[in-house]
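[1] just need the structure, nothing else, for what follows:
(chains A and B)
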Amino acid sequence: MNAIILSALWGVVMMFGGVFFKKSTTPKYWAIAGIIIILAGNLLEFFGYPFFNVDTKGMLHFDAFGLVFNSVAFISTLIFFLLNGKDFEKIGMHVSEYFCLLFFVLCGLSILSSFNTLLMLFLGIEILSIPLYILTGSEKRNLKGNEASLKYFLMGAFSTGLMLMGIALIYGGNSLGSFYIDAINLGTGHLSVLIGVGLVLILVAMAFKVSAAPFHFWAPDVYDGAPAVITSFMMTIAKVAAFVAFFRLFSTSFGSMHYQWQTLIVIITAATLLIGNVTAVFQISVKRMLAYSSISHAGFMMFTLFALNDNAKEGLLIYTAAYCLATIGIFAVIIKMSDYSIEGFNGLARRQPLLAITSVIFLLSLTGIPLTAGFTAKFYVLMAAVKDGHQLWLVIFAVICAAISAIYYLRVIQAIYFKEPVQGVNENIQVSSSFEWMLTITAGLIILLGIMPGLVIDWLYY
Amino acid sequence: MLGTYFTFPELLIWIPFITGLIAFFMNSKGVKTFAIISSLATLAVSIISLFYIDVAHHPEFYYYNNVSYVWMPYIGSSFSVGLDGMGYLLTFLTSLAFPLILLVTDKKDRNNSSSFIGLLLLSQAGMMGVFVATDALLFYFFWELALIPVYFLSSKWGGEKKIQATFKFFVYTFFGSLLMLVGIIYVYMHTPSLSQDSAHSFYINAFYNTLLSPKEQNWLFWLFFIAFAVKIPLFPFHTWQPSLYEQSNYPSTIAMSSVMVKMGLFGLIRWLLPIFPAAVAKHDHFIMALCIFGLLYASCIALYQNDLKRFVAWTSIAHLGLIAAAIFSSNSLGLQGVMLEMLNHGINILGLWVIVDIIEKKTGVRKISELSGLAGKSPALAAFLLIIALANIALPLTNSFISEFLMLNGIFDFNKWYAAFACLGVILSAVYMLSMVQKTFFGKTNQVAESAGKMSTGQYIVLCAVVAGILFLGIYPEPVIHLTQSTVTQILSRVPLK
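    Just a heads-up that it's a prediction; the model follows:
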């Protein structure tokens, strides 16, 4: 509860603060302060000190998984703000409002990690999505951004409609006539027509939100069209929030009939992995390549839904941390550049040695090389899938896709280290020393999680 | 003593790892000396550790210097390292090879960069880790980590097409090792528990004691086999190798062909044969045929190679085909030969590379057709080459004779037709080796060969060491056989008799 209320409050503070803040750098510090407060509030709740005693009639349920996930997301956001807080000025004049919208997204995220009824799920999804529609188009004079925003909004609205339909069908279909997700689980032993259709509709809507194929078509355009700072946030924190909701709903409500709908997940996972990885190979722009790579990571995270066991829970958590940190890190470097093409990275090692080495760590983590968090994350989700024991070909298919992913990540590493710098492209990248420190810390965290994943996972069993 | 505070396997990993990290921050002048001292220290540790073995009285298979730290208890993985006979042998080869590699590394190779040396030492640490790990997950960690420094080394320093060649290598091996990862996870899910914290364990003995049905073994076998076959490389997974060896710089090529390929052979022996005995028994004819075909195929191609680097690369593929075939013969003669040959091949190929390196640096040419009569200009080099070439052909009194004899014997016991074809490969090796020596070193001294001058002291030392190794092991291979005997018996005790 702490996180939901505090982030909503802080969103309002940031919104009105826009009127009073004189300097354009002030909002950044307020935002950092805000996220620290929210993180502290969330941690206090985790240790048993909730600030607010609101009776939600059991519509929200705060368990360890949700709270730990919140903390991971807030820490990622904090790192994101510390790295790129300054770059919000590049988007436009209303810096404070952008931050305000991000805090509303965080509010939606906290609802999604703790919802207990389908209504709250719907609320959370909408609170998460609507600010993102606005943020995508926040660069008002950028036509590509406007197009992306419109596309995102239309398709998002459509998927919301599907979800509502699905919720209605499930409400009507379960014998208790309940919105509560644990009650739905009790009410269904076998898949009736109403529940089945409702489940498929919700599945489609959620797959849309997490950009899983074949509902991924919005993702590359939106991620490419949105301002790079926003993309970084959308691709990481907003996406994993949708994943957590996906996992929470399907493990609680439909877990008992898991093997009746697992085939659907198998198809979606295979398609997502294939499309994400193969298309990413052909991209010239690193930003767009990362958009496709985010689709492929969604494919890996789909394995948690495929397996739905303890390992999957741990895997989702560690994947969240690994994927968020690495993507935020590599995006922080991209944001500092003016040319997003792979050639733009040429000779980065010579111009900015520290940016180069940290970028390599982020990319290796995304590839899944041992000693980085990316490896532990992949390891856990694959372990969850193998433990489930069904459809082992999918696991082998996934590792083949992971090998393909090495092709496009390595291409950037090649550009950074082994190619000569191009004259006039990204020649003056200006970074402050605090940015460099932050980048080093992020890379350090990735390696730390790669050696000791227990740092995150142990909290689940605290 | 030394062994009480730190166990040897730990030292073997940490010395190159830490010095490697330090080397990145040193200036390029002193770094080579520093690295040589570091690698000599590793060699010293490796040699001292040999005195601590008590093979005869040690009933345990694993391990003479076992140590285990808590790492990820909730999934049953620990930082466990240890050395058995084969581990001793291969860590010794690694620690022997790296000082030699560093000695022949000159400023031209590394563009005067200290990160080159740092990466080289890190790769040594990774390879050591592979040879000492007794935990499957840890093994996988090191398996991948050994790859990363080599990737950077070969992409940054080398010929014109180095980036593409290394890229191919990386994707190939990464693909193979990911398949192995799936296999590891699957076996892990069926292991008995060794502690209360977790339901399963990654410890090697747990892997050995896992009951897998023949059907499971069959497909798991391929997951592991492909990973190792890519690394060795075996036909048809060998295509990355000639282009990489051709494009890469000499020090990392030597490190790869002398030590890194042994990782694959090592993997076959430790992680494949004992865990999937039923599958090995089922597929051994097919694999054996593949290996022998690879041996003949590579030998034939080596006959027609004009580029010295590609020539050595193909001879290496040929030899490794024979070694792999002997592994799958699954009998004690064959495996004993493999143990010996892993060391011998490491020494011989190192010597061969150093000579090619010297030729290219002196004359600027590595086309066999353009070289002629080098012996007239540098007789010492010719003498070294001749000994190394003869060792490659496996002439009596050289090291390879005994090992190849044992391996062929093993293959013969398995099936005499395979042995007949394998012997054909040995004959072919004499043909290509001697014709190469003849074309480049004998005949009339041409213009290119005129420019060849004297060797440096470092090169002299390395070649003398190689030749000493060849002769010593050719006359007295007993210590190596004694060292690895227990490993061979233990491995074979898990493989069903035919």
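
[2] max-length helix in the chain?
    As the question left the chain open, I've gone with chain A. Identified as the longest helix of chain A according to DSSP state H is helix A:143-173.

[3] meant chain B, my bad for not saying
    Of all the elements of type helix in chain B, the one with the most residues (DSSP H) is helix B:332-363.

[4] now the helix or strand just after that one: average pLDDT?
    Going down the chain from helix B:332-363, the next helix or strand is helix B:374-377, by DSSP states H and E. This predicted structure assigns helix B:374-377 an average pLDDT of 79.

[5] again with stretch A:232-249
    Computed over stretch A:232-249, the mean pLDDT rounds to 92.

[6] so which residue of chain B lies furthest out from the middle?
    B:Gln196 (37.8 Å; C-alpha atoms, centre = their mean).

[7] ok, back up a step: output the contacting helices and strands for the longest helix of chain A.
    helix A:118-136, helix A:193-209, helix A:218-225 (3 or more C-beta pairs under 8 Å, 6 or more residues apart in numbering or on different chains; DSSP states H and E). The C-beta positions use only the backbone N, C-alpha and C, and glycine is treated the same way.

[8] one more pass at 10 Å, please.
    helix A:118-136, helix A:181-187, helix A:193-209, helix A:218-225, helix A:228-233 (3 or more C-beta pairs under 10 Å, 6 or more residues apart in numbering or on different chains; DSSP states H and E).

[9] the residue farthest from the centre of chain B belongs to a helix, doesn't it?
    No - using DSSP: H, G, I helix; E, B strand; the rest coil, the secondary structure at B:Gln196 is coil, not a helix.

[10] any idea how far A:Leu455 is from it?
    Taken as C-beta to C-beta, to the nearest Å, the spacing of B:Gln196 relative to A:Leu455 amounts to 22 Å.

[11] can you check B:Leu265 too?
    Separation of B:Leu265 from A:Leu455 (C-beta to C-beta): 37 Å.

[12] more neighbours: which of the two?
    A count of neighbours by other C-beta atoms under 10 Å in any protein chain shown puts B:Leu265 above the other of B:Leu265 and A:Leu455, at 25 against 14.

[13] how is B:Ser78 assigned, secondary-structure-wise?
    Taking three-state DSSP as the rule, one finds B:Ser78 in the strand state.

[14] how about the residues of the stretch 1-150 of chain B by chain A?
    Near chain A, the residues belonging to the stretch 1-150 of chain B are B:71-75, B:79, B:137-138, B:140-145, B:147-148 when assessed by C-beta under 10 Å from any C-beta of the partner chain.

[15] any weak-confidence spans in the stretch 51-200 of chain B?
    Residues of the stretch 51-200 of chain B that meet the criterion pLDDT under 70 lie in B:53-65.

[16] now do the helices in it.
    The residue ranges that make up the helices of the stretch 51-200 of chain B, judged by DSSP state H, counting those that start in this stretch, are B:85-104, B:107-110, B:114-132, B:136-145, B:147-156, B:162-189.

[17] wait, B:Phe169 touches B:Val230, no?
    Yes - between B:Phe169 and B:Val230 a contact is recorded at 9.2 Å, counting by C-beta atoms under 10 Å.

[18] circling back to that earlier point, who wins for proximity to B:Val495 among the helices of the stretch 51-200 of chain B?
    Of all the helices of the stretch 51-200 of chain B, it is helix B:85-104 that lies closest to B:Val495, at 15.1 Å by C-beta to C-beta.

[19] next, the angle from the closest one to helix B:332-363.
    Going by axes from the mean of the first three to the mean of the last three C-alpha atoms, to 10 degrees, helix B:85-104 is angled at 10 degrees with respect to helix B:332-363.

[20] show me what helix B:85-104 is packed against.
    Of the remaining helices and strands, those touching helix B:85-104 by 3+ C-beta pairs under 10 Å, 6+ apart are helix B:8-24, helix B:31-50, helix B:114-132, helix B:250-254, helix B:261-267, helix B:332-363, helix B:457-475, helix B:478-493.

[21] nearest to A:Met59, of the ones you listed?
    Closest of the helices and strands packed on helix B:85-104 to A:Met59 is helix B:114-132, at 51.7 Å (criterion: C-beta to C-beta).

[22] and the closest one, how far out from the chain's middle?
    14 Å (C-alpha atoms, centre = their mean, to the nearest Å).

[23] just the buried residues of that helix, please?
    B:114-132 (16 or more other C-beta atoms under 10 Å in any protein chain shown).

[24] ok so, going back, where among the helices and strands packed on helix A:143-173 is average confidence lowest?
    Taking the average pLDDT of each of the helices and strands packed on helix A:143-173, the minimum falls on helix A:181-187, with a mean of 76.

[25] does anything pack onto it? Which helices or strands?
    helix A:118-136, helix A:143-173, helix A:193-209, helix A:239-252.

[26] tilt between the second one and helix A:193-209?
    The one in question is helix A:143-173. 160 degrees.

[27] buried residues in helix A:143-173?
    A:145, A:148-149, A:151-153, A:155-156, A:159-160, A:162-163, A:166-167, A:169-171, A:173.

[28] what's the answer for the first one, then?
    The neighbour-count check on helix A:118-136 (16+ other C-beta under 10 Å) flags A:118, A:120-125, A:127-133, A:135-136 as buried.

[29] of those, closest to A:Ala321?
    Within the buried residues of helix A:118-136, proximity to A:Ala321 (C-beta to C-beta) peaks at A:Leu128, which comes in at 19.2 Å.

[30] separation between the closest one and chain B?
    From A:Leu128 across to chain B, the span is 32 Å (C-beta to the nearest C-beta, to the nearest Å).

[31] got the contact list for the nearest residue to that residue once chain neighbours are set aside?
    Of all residues beyond its chain neighbours, the one nearest A:Leu128 is A:Gly108 (3.2 Å), with distances taken as C-beta to C-beta, 6 or more residues apart in numbering or on different chains. Counting by C-beta atoms under 10 Å, 6 or more residues apart in numbering or on different chains, A:Gly108 makes contact with A:4, A:7-8, A:123-132, A:238, A:241-242, A:245.

[32] wouldn't A:Asn428 be in contact with A:Ser338 here?
    Yes - the criterion here is C-beta under 10 Å, and A:Asn428 meets it with A:Ser338 at 9.0 Å.

[33] in TSV, list the helices and strands packed on helix A:143-173 along with distance to A:Leu67.
    TSV is the format used below for the helices and strands packed on helix A:143-173 (distance: least, C-beta to C-beta, whole Å):
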stretch	distance to A:Leu67
helix A:118-136	15
helix A:181-187	18
helix A:193-209	22
helix A:218-225	29
helix A:228-233	21
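
[34] A:Val422: which of these is closest?
    helix A:228-233 (20.1 Å).

[35] how about low-confidence regions in chain A?
    Scanning chain A for pLDDT under 70 picks out the ranges A:186-190.

[36] quick check: A:Ile413 vs A:Ile361, distance?
    Distance, A:Ile413 to A:Ile361, using C-beta to C-beta: 10 Å.

[37] relative to B:Asn112, how far out is A:Leu439?
    When C-beta to C-beta is the yardstick, A:Leu439 and B:Asn112 sit 28 Å from each other.

[38] same drill for the two, tell me which one is more crowded.
    Using other C-beta under 10 Å, the more surrounded residue of A:Leu439 and B:Asn112 is A:Leu439, with 25 against 12.

[39] who's in contact with the more buried one?
    Contacts of A:Leu439 (C-beta under 10 Å, 6+ apart): A:79, A:82-83, A:329, A:332-333, A:336, A:354-355, A:357-359, A:361-362, A:431.
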